[in-house]
Structures are given as structure tokens and as C-alpha cells.
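>>> I would like the atomic coordinates for the input below:
(chains A and B)
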Amino acid sequence: MKNAHERFGELVYLRRTEKTRTHIRVHLSAWIGEESKAHMVSVVGGDTEIGALAAAFANNDPFTAIDPEGVERIVSLGVTPTCFRGPIGVAGRRRPLRHLIGLSQEMIGNAKQDRLLLISEEPMFVWSSLVLHFGLPALPEWADWFLSELRRRKRIQALAGFGYRAVAVRTRRQELLKLIEQGLRQRKLPFPATNGPVHWPATDFLARTA
Amino acid sequence: MLNGVFGKNEGRHIAHWRSVKHVDVYHEEEDGYQIVRRRERFSHELTLAHKGGRVLVLKETEEKATSDEKCA
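You can find the predicted model right below:
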């Protein structure tokens, strides 16, 4: 793993009014987005900076996300983003740093769109998220076949950003149910030999973050 | 509510239950004003995937809701 200063990007927020000028620059530990829209930002800074940024996010103000390679993008989190704040204690500092995570409505899953945004491209994580989100009668063993079908149909698209390998899966419940039907009829999806509950394994991604 | 694999022979299936949110909208008129009332409620939905490939979604339908109201 790289050192923090090489791993982090920067988030720059600039706002000018008639009387005031606000210029905030904080460390960006991760962000996910596309074109002019950010879906997730994770920043670390002081009390005042984080407070001002939370207000800017809530106001749908644009900001600049700079990744560790120096690529800049002007983005915003959209209307009514959800923010989570917490302290990070650092040895030698009297006051803790503040950590802020801002999530767009689409990332939270509130927006009614035919796609699901996920923070990892790991097959089991993507498949279990689809099953949970759309409420599908499915098995973990079907992950590879489903993901290859979705990739063949160009339903999985990588998102911009760093810190996570995020993807957007553009699909609908009806399409997934149709795929289950097709897979079972063509005997491409194995059916369990015995009756009982379906056990979903903990994904590597979740085990790493736990 | 039970999720998992059930049944025997050709009737073997995977069952998955979930809660679905419904919003009932009622329009009333009072003193020349149109009043719109929204009632949020949840109902259950069961999806079955049979071994042979048949997929069934069992959920509350419009007709069912009307008959429930009539019973009440």
C-alpha cells in the first residue's frame, strides 16, 4: 500500500459571493462518480472545513475532485445527498480530524432508476447485491453465469474515481427474472440437490472492510 | 416467511420473500377543494423459481385489494 500522501487526492471547494470568498482544500481519500456527478466522496479535514463542506454538499454546490494522479473533475453530489461525519483521532494532535462521507441519492438507492451503483466489482459482491436489491430467488453459485450474461449485454459499466472499483449495473427486476428462467430452462444454472436454506458466503470485499 | 429450496420432484423451487411498499391515493372533494390523501403500507411478495425454469411472482393485485375492502 502506498503512503497516505500518495494515496489521497484533494477536494477543492471555491465559492464567491459579493462579500465573501470561501476556498477550502481538504484530503480526499476516495470518490466515485461519472461526468459531472459525484456519487460518493470521502474527505478528511478540520472541524470548520468539514462543516462548510457538509453545507456545500447539502446545497448541491459544485466542487473539484482531484485524484492522486492530478486529474481534476468538477462535480456535485446532486440534490439532498446523505452525509455521515465522524472523528479520527491522530496521535500528537490535540483535536481529532473530521471524516465526512457524502453519498448521492442514487448511491443510497433512493432514486428510482433502472441501475444499481456498487462500490466493488467483485463478482460475489455484485451478484449478492443484485439479489438483495431486487429480491430474487437465486443461489450464490449462479454469480459467474449471471455476471457474464450482464457483461455480454453491456449492463455493467465501470465508474470514475479512486479508492474503490465502483460499477453501475443497469438492469431491471423483470430482466433478471427472465434470465433466471432462461438459465434454468437451458440447464445453465445448477439447482441444489437437497432442500433447505440458501447460504450466502461473506464476500472477500466485505471481509476486508469489516 | 421462509427463503430457501422447497418441494419435491418437478415442484422443487427456490422461494424468496420481500416486503413491497404501496402508496394508496384517495381523492376527496370538500367545500369545492380537492383533498388528496396518501396512505403508505407494506405487503409481502413471494417470488418462486422452479427447477424447470418457471418463475412466478405472487403479490397483491388490484382485484385482491378491492375484495379485501369489500370484506372489511
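>>> Please make it C-alpha for all contacts and neighbour counts, starting now.
OK.
>>> B:Leu48 contacts B:His16, correct?
Yes: using C-alpha atoms under 8 Å, B:Leu48 is in contact with B:His16, at 6.5 Å.
>>> Averaged pLDDT, stretch A:51-71. What do you get?
Model confidence over stretch A:51-71, given as mean pLDDT, is 93.
>>> Next, the buried residues of it.
A:53-54, A:56-58, A:61-68 (16 or more other C-alpha atoms under 10 Å in any protein chain shown).
>>> Determine which two of those are furthest apart.
Taking C-alpha to C-alpha as the measure, those span a maximum distance of 25.4 Å, between A:Ala58 and A:Pro68.
>>> More neighbours: B:Leu48 and B:His16, which one.
In this comparison of B:Leu48 against B:His16, neighbours counted by other C-alpha atoms under 10 Å in any protein chain shown, the higher total goes to B:Leu48 at 25 against 22.
>>> That one sits in which helix or strand?
Taking DSSP states H and E as the definition, one finds B:Leu48 inside strand B:33-50.
>>> In the helix or strand following that strand, which residues are buried?
The element immediately downstream of strand B:33-50 (helix or strand, assigned by DSSP H and E) is strand B:55-58. Going by neighbour count (16+ other C-alpha under 10 Å), the buried part of strand B:55-58 is B:Val55.
>>> In chain B, what residue lies closest to chain A?
Distances from chain B to chain A, computed as C-alpha to the nearest C-alpha, single out B:Gly4 as the nearest residue at 4.1 Å.
>>> Beta-bridge partners for that residue, please?
The partner list for B:Gly4 in beta bridges (DSSP bridges) reads B:Ala15.
>>> can you pull the contacts of it?
For B:Gly4, the set of contacting residues under the criterion of C-alpha atoms under 8 Å, 6 or more residues apart in numbering or on different chains consists of A:Asn195, A:Gly196, A:Pro197, A:Val198, B:Ile14, B:Ala15, B:His16.
>>> so how far is A:Trp31 from it?
37 Å (C-alpha to C-alpha, to the nearest Å).
>>> still on that earlier bit, any common contacting residues for B:Leu48 and B:His16?
Residues touching both B:Leu48 and B:His16 (C-alpha under 8 Å, 6+ apart) are A:Pro137.
>>> Spell out which parts of chain B neighbour chain A.
When proximity is defined by C-alpha under 8 Å from any C-alpha of the partner chain, chain B lies next to chain A at B:3-7, B:14-18, B:47-49, B:51-55.
>>> and B:Tyr26, what are its bridge partners?
Partner residues in beta bridges with B:Tyr26, using DSSP bridges, are B:Arg37.
>>> Stretch B:8-16: which residues count as buried?
B:Arg12, B:His13, B:Ile14, B:Ala15, B:His16.
>>> Run through the helices of chain A in chain order.
According to DSSP state H, chain A carries its helices in the segments A:4-7, A:47-58, A:105-108, A:123-134, A:143-152, A:173-185, A:204-209.
>>> which residues sit against the second one?
Right, the one you point to is helix A:47-58. Defining contact as C-alpha under 8 Å, 6+ apart, one finds that helix A:47-58 is touched by A:13, A:24, A:26, A:44, A:62, A:76-77, A:79-81, A:83, A:97-100, A:102.
>>> can you rerun that using 10 Å?
Outside of helix A:47-58, the residues that reach it under the criterion C-alpha atoms under 10 Å, 6 or more residues apart in numbering or on different chains are A:11-15, A:22-26, A:41, A:43-45, A:59, A:61-63, A:76-85, A:87, A:95-104.
>>> what does the longest one give?
For helix A:173-185, the external contacting residues (C-alpha under 10 Å, 6+ apart) are A:114, A:130-131, A:133-138, A:142, A:145-146, A:149-150, A:186-191, B:47-57.
>>> Now it: average pLDDT?
The pLDDT scores in helix A:173-185 average 95.
>>> With the last one instead?
What helix A:204-209 shows for mean pLDDT is 61.
>>> again with stretch B:21-30
90.
>>> Which residue is the nearest non-sequential neighbour of the residue nearest to the spatial centre of chain A?
Within chain A, the residue whose C-alpha comes closest to the C-alpha centroid is A:Ile119; the distance, by C-alpha atoms, centre = their mean, is 3.8 Å. Once flanking residues are discounted, A:Ile119 sits nearest to A:Ala166: 4.2 Å by C-alpha to C-alpha, 6 or more residues apart in numbering or on different chains.
>>> tell me the phi and psi of the one you found?
Main-chain torsions, A:Ala166, degrees, to the nearest 10: phi -80, psi 150.
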